[in-house]
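Colleague: sequence? don't have it. structure:
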């Protein structure tokens, strides 16, 4: 008898060959198969008369074959089957490409359902390669049809039939991990009904019930998992830091902190005197001043006799942090050090010895801070900048250099609060939602490619005034030969600008396939004003601070998410000069135009993030580097806020009554599976 861990090749009707194709999608077991949920649905329940077919809308039409199908051999590799179909309102000419078997399967005088997009006029309607099946079969017409994510060699037909066979094999063995009282209290259907109708919905109401049940379940179990993470952290007790007079630090600043910065500092310092290790996310827009929050925490830590460490994702960013923080903190008696991959060997040994002996209070660096033999005298605070650029293991390795050090992670990626609840449920979240005074908003324009001459003239005008420019090339699609395409796109565009547009200016390029040292050298030259125009991929999304850069041009802007466009825009507008962002796109899709209009109307990263989440969903929100969310295949954080709150309340109530889930073994098992499947994200 099958169980959910049974290989799909042993499911009746699948076999080794189809199992090999399904493996390309990551479908190996029966459980994987039935959990491969549709990405969307097409309602093919409504039958439209031929005369009412709309050329812009796919539709189902029931029509009788009026004459025997004809087969034509156009050329090698191109065969056409043509057939005339009629109903009471008109005639439809149907053409099928390279589907020769249909000549013998479509019979004169019989009625079939055709699903496709009509062409032509009122007198002559045509359909090209529609879905077709005998009326009454209801496999691909006459019902709500799921559309699944596919890969080469796996069609919708293969996947749908495989899932049908998988569900049939699951009869009576699907465990219902939701406690009965939770299911009943929240009016949720049973698990068998949910799986059947998420794949093969009888009607819209059944699909809605199935989706609600599965989305609630995902949010419920994920909430329990995060609550357990939080509880795991809270049972650790450390010696609380003593209060410190922060006036000397604040008076040393060349400016006053914003109210949002002071609030975030106060929240972090409150954590560090609590006796429980701080685990806080400081989230703020580009230029909001997160580094000063980090500086305040480091000052507080060192004044408590402990060491602090800040890890940045790139060497040039680490050097930038060191230059700014050392000049601020060393006059206050805090000894700072820098440690990166390119630090000379002798200097590395000296710095390592000073860290081990406690002669360095605050070290700033890259991955060099977590090398195996590097020791700290008394590490009390770990800060990671641009936290999404580090793997969990890297952050944990730095924290492991001390005994339960306080942790502050910083992110310049604004995340909607509802999404932060899911992603960072095990962290306390501080949000800097206020920019320092005096910052000029970046003027943003969305224009078609025909504006290139004007854009180039504008870049030249700014460079003549002493400013610099970024030009970002199109993103490389997943599945292409990312290395060669990325290099080609950047180098060819840079060559085009240098030789044909700006032969008298200094044009450089940088891309993700360059060695880190090469990238840092190019960025450092740009920061030193040795380059006028920098052509790049999104590798500059997180980069050096160049206050003199005043224009950001993004080619094929429709290929980027709004949050990523906002990050790129944040590379300019960092100095005293008015800055500009020009988004170039020839895509006329209305949704694309709507997205780009959002960028021209606001510079508020949190508003943009909310819109990005609404338009693209959580899977695409982070781009290809962090695709999807752990454990969430059905729930949509952008639309399911109310359901999230309902699931969180149910999870908290259950844990208050039964913290160890001893009365709900199926629930405990499901939570354990969630941790195992998403160890890199959750642990």
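Modeller: Received the coordinates, thanks. Just so it is clear, the structure is predicted and the values come from calculations on it, not from any experiment.
Colleague: give me the local confidence score for residue 235.
Modeller: At residue 235, the pLDDT value in this model is 68.
Colleague: low-confidence ranges in the stretch 351-500 of the chain?
Modeller: The model of the stretch 351-500 of the chain has pLDDT under 70 over residues 386-395, 413-426, 438, 474-487.
Colleague: show me what the strand ranked longest in the chain is in contact with.
Modeller: Looking across the chain with DSSP state E, the single longest strand is strand 78-87. Contacts of strand 78-87 with the rest of the structure, by C-beta atoms under 8 Å, 6 or more residues apart in numbering, involve 49-50, 61-67, 69-74, 91-100, 102-103, 106, 112, 114. C-betas here are computed from N, CA, C, even on glycine.
Colleague: quick check: buried residues in it?
Modeller: Buried residues in strand 78-87, counting neighbours by 16 or more other C-beta atoms under 10 Å, are found at 79, 81, 83-85, 87.
Colleague: paired strands for it, with orientation please.
Modeller: strand 59-65 (antiparallel), strand 70-75 (antiparallel), strand 90-97 (antiparallel) (DSSP bridges).
Colleague: show me what counts as buried in the top helix by length along the chain.
Modeller: Counting by DSSP state H, the longest helix found in the chain is helix 204-234. The neighbour-count check on helix 204-234 (16+ other C-beta under 10 Å) flags 206-207, 209-229, 233 as buried.
Colleague: what of stretch 551-563?
Modeller: 551-563.
Colleague: now intersect those with the strands, please.
Modeller: Per DSSP E, the subset of the buried residues of stretch 551-563 in strands is 551-554.
Colleague: and of the residues you listed, the nearest to residue 247?
Modeller: The closest of those to residue 247 turns out to be residue 552 (C-beta to C-beta; 39.1 Å).
Colleague: out of everything not next to it in sequence, what's closest to residue 451?
Modeller: residue 584 (7.0 Å; C-beta to C-beta, 6 or more residues apart in numbering).
Colleague: quick one: mean pLDDT over stretch 89-100.
Modeller: 89.
Colleague: and residue 219, what pLDDT?
Modeller: pLDDT at residue 219 comes out at 87.
Colleague: ignore the last one, residue 511
Modeller: Reported pLDDT for residue 511: 84.
Colleague: and if you look at residue 618?
Modeller: 44.
Colleague: then residue 232?
Modeller: We have a pLDDT of 64 for residue 232.
Colleague: now residue 302
Modeller: 97.
Colleague: could you pull out the strands for the stretch 201-350 of the chain?
Modeller: 279-284, 307-311, 336-339 (DSSP state E, counting those that start in this stretch).
Colleague: packing partners for the second one?
Modeller: Applying 3 or more C-beta pairs under 8 Å, 6 or more residues apart in numbering; DSSP states H and E, we find strand 307-311 packed against helix 290-303, helix 315-329, strand 362-365, strand 379-384, helix 392-399.
Colleague: what do you get for the first one?
Modeller: Packing partners of strand 279-284 (3+ C-beta pairs under 8 Å, 6+ apart): helix 259-272, helix 290-303, strand 406-411, strand 428-432.
Colleague: let me know which of these is the nearest to residue 25.
Modeller: Nearest to residue 25, of the helices and strands packed on strand 279-284 and by C-beta to C-beta, is strand 406-411 at 31.5 Å.
Colleague: just checking, residue 186 touches residue 649?
Modeller: No: Residue 186 is beyond contact range of residue 649, at 9.5 Å (criterion: C-beta atoms under 8 Å).
Colleague: which one's more surrounded, the two?
Modeller: Using other C-beta atoms under 10 Å, the more surrounded residue of residue 186 and residue 649 is residue 186, with 17 against 13.
Colleague: now do the more buried one against residue 206, distance only.
Modeller: According to C-beta to C-beta, to the nearest Å, residue 186 and residue 206 sit 18 Å apart.
Colleague: before we move on, what about residue 635?
Modeller: Counting by C-beta to C-beta, the gap from residue 635 to residue 206 is 18 Å.
Colleague: same check on residue 450?
Modeller: 49 Å.
Colleague: what does residue 216 give?
Modeller: For residue 216, the distance to residue 206 - C-beta to C-beta - is 16 Å.
Colleague: where among the strands of the stretch 201-350 of the chain is average confidence lowest?
Modeller: With a mean of 85, strand 279-284 has the lowest mean pLDDT of the strands of the stretch 201-350 of the chain.
Colleague: at which residues are the strands of the stretch 501-650 of the chain located?
Modeller: 507-510, 533-536, 549-554, 580-584.
Colleague: for burial, what's the neighbour tally of the residue nearest to residue 598 when sequence neighbours are not counted?
Modeller: Excluding the flanking residues, the one nearest residue 598 by C-beta to C-beta, 6+ apart is residue 611, at 5.0 Å. When neighbours are defined as other C-beta under 10 Å, residue 611 has 20 of them.
Colleague: who's in contact with residue 611?
Modeller: Contacts of residue 611 (C-beta under 8 Å, 6+ apart): 562, 595, 598.
Colleague: what's the mean pLDDT across stretch 112-127?
Modeller: For stretch 112-127, the mean confidence score works out to 84.
Colleague: any idea how far residue 363 is from residue 113?
Modeller: For residue 113 relative to residue 363 (C-beta to C-beta), the value is 70 Å.
Colleague: of all the strands of the stretch 501-650 of the chain, which one is nearest residue 327?
Modeller: Where these are weighed against each other on C-beta to C-beta, the nearest is strand 549-554, at 22.2 Å.
Colleague: can you give me the angle that closest one makes with strand 580-584?
Modeller: 10 degrees (axes from the mean of the first three to the mean of the last three C-alpha atoms, to 10 degrees).
Colleague: pairing partners for strand 549-554, with directions?
Modeller: strand 468-472 (parallel), strand 580-584 (parallel).
Colleague: and the helices in the stretch 401-550 of the chain, which stretches?
Modeller: Along the stretch 401-550 of the chain, the segments classed as helices by DSSP state H, counting those that start in this stretch run 417-423, 452-464, 482-496, 516-527.
Colleague: how about the helices in the stretch 1-150 of the chain?
Modeller: Remark: helices assigned in the stretch 1-150 of the chain by DSSP H, counting those that start in this stretch are 15-23, 30-34, 102-105.
Colleague: residues making contact with the last one?
Modeller: The one in question is helix 102-105. So helix 102-105 is in contact with 69-71, 81, 83, 96, 132, going by C-beta under 8 Å, 6+ apart.
Colleague: out of those, which end up buried?
Modeller: Buried among the contacts of helix 102-105 (16+ other C-beta under 10 Å): 69, 81, 83, 96, 132.
Colleague: correct me, but residue 198 touches residue 38?
Modeller: Yes: contact criterion C-beta under 8 Å: residue 198 and residue 38 qualify, at 7.2 Å.
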